[in-house]
Structure formats: C-alpha cells, structure tokens
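# Just need the structure, nothing else, for what follows:
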Amino acid sequence: MLGRFAGLVAVMVLPLCAMAAEPATPSQEATPSQEVIETPLFRLDIPKDWKIEDRGPPIRVRGPNSELMFIDIVSPDNPEANSPAELERVQAFWKEKITRILEREVAGTSIVEDFTETTLDGQWFLKAKGRLEQKGMFVGAYGLLGQSGVAFTATVAGWIKDEPTAESTAESMLKAIVWKHR
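Below is the predicted model of the structure:
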C-alpha cells in the first residue's frame, strides 16, 4: 500500500546506520558544491548541501540530514512543435498524471496537508504532505507543470525533526527553476 514510500524508508535507514558507525573524516565535513540538472529548456539547481546520488530516472538526491528526494522530469520530444492547442492537451494530461502520482506518494500516511493546487507564474504547482508518526518519518510530494509541457515531480522523505527544512527546500527548488525560453 505504501508503494515507493516503503522503499524510501528502507533506502534511508541503511545509510543512517552506516553513518552512525563511521566517524566523520575531514573530507566529509567539507561544504559540497551545488549540483545542477540542465537541459536546453531549463536549469534546475539542486539545493545547497544536497548531493545527487543517482541521475536515474528518477534522480535520487540525498540531503544533509539524510533526507531522500526523488525527482522525475518528463520533457516533450519536440517542444517547438507544440501548437497552443496541443500544449493545452499535454498540460491537461500531465496535470492529471501528477495529481495521481502525488496522491499515491502520500497514500497510507497520516495526511498533514491535503492535496493542494496553485499557480506559480502561470504554471500549475501541486503538493501533498503526510507522516508516518510511529516511524518518525514524513513524506512531501510536489509537482510542477512548467513551460513547453515539461513536468516535474519531487518526493522528499526523512525524519520528522527535519520536515520543515526539507519540505521548504524541495518546494523552493521547484519554484526556482530557470526557464531558458519564455
């Protein structure tokens, strides 16, 4: 029932156990550089102190407190070929698909924030948040339907103590996407 979230929990717990057993070395304490995902359509800056572990798909990113974020990006094959009517159809399709993905990501959790939909500079921005109180974990799911039919989903999970920072970081990351063509 928990789908990918159960996998998130397993993926998070193993590295936490390993980190607890290893003393920090000077190289681990150095401030990491900011990583970027860039295409001809957009630039997505990975939040400072977060590190890409796998370029996927989905892209797997680890936070400074062992938070785990999965980012899925879908771009049209030829964005210039989209007429306004075709772009509207593609956007309606992805809006529905992102809605289902976000609902699935928080299924089986205690919902902290119901599914919400807003617009951000004319683009659909969707989110939902849940918790697994007994395990002390949270999950936040975000979606953005951007320019030229590009669709993003980001799911972040971690310990409840890190919830406000991690969720704010994921949301801010999507809101700060730099579009190369307006």
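# List the residues that contact the residue nearest in space to the middle of the chain.
Residue closest to the average C-alpha location in the chain (Cα atoms, centre = their mean): residue 154, at 1.8 Å. Contact analysis of residue 154 by Cβ atoms under 8 Å, 6 or more residues apart in numbering lists 69, 70, 71, 72, 141, 142, 143, 170, 173, 174. (C-beta placed from N, C-alpha, C; glycine too.)
# With distance to residue 104 as new columns, can these be given to me in a markdown table?
Listed next are those as a markdown table, based on distance: Cβ to Cβ, whole Å:
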| residue | distance to residue 104 |
| --- | --- |
| 69 | 16 |
| 70 | 12 |
| 71 | 16 |
| 72 | 12 |
| 141 | 8 |
| 142 | 13 |
| 143 | 12 |
| 170 | 17 |
| 173 | 21 |
| 174 | 18 |
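# out of those, which one sits closest to residue 99?
Nearest to residue 99 among the contacts of residue 154, counting by Cβ to Cβ, is residue 143 at 7.4 Å.
# okay, the nearest residue to that closest one once chain neighbours are set aside: pLDDT?
Excluding the flanking residues, the one nearest residue 143 by Cβ to Cβ, 6 or more residues apart in numbering is residue 98, at 3.5 Å. You'll see residue 98 listed with a pLDDT of 77.
# Find the helix or strand that residue 98 is a member of.
helix 84-106 (DSSP states H and E).
# coming back round to it: separation between the residue nearest to residue 143 and residue 105?
11 Å (Cβ to Cβ, to the nearest Å).
# wait, what's in contact with the spatially closest residue to residue 94 that is not a sequence neighbour?
Distances taken as Cβ to Cβ, 6+ apart place residue 151 nearest to residue 94, at 4.1 Å, with adjacent residues excluded. By Cβ under 8 Å, 6+ apart, the contact list for residue 151 reads 73, 74, 94, 97, 98, 143, 144, 145.
# Just the buried subset of those, please.
73, 94, 98, 143, 144, 145 (16 or more other Cβ atoms under 10 Å).
# What is the nearest of those residues to residue 180?
Distance to residue 180 across the buried ones among the contacts of residue 151 (Cβ to Cβ) is lowest for residue 73, with 14.3 Å.
# Who is residue 158 paired with across the strands?
For residue 158, the beta-bridge partners are residue 138 (DSSP bridges).
# and it, what does it touch?
Residue 158 is in contact with 12, 63, 65, 66, 67, 68, 137, 138, 166, counting by Cβ under 8 Å, 6+ apart.
# For the buried ones among those residues, write the corresponding PyMOL selection.
This is the PyMOL syntax for the buried subset of the contacts of residue 158, where burial follows 16+ other Cβ under 10 Å:
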select buried, resi 12+63+66+67+68+137+138+166
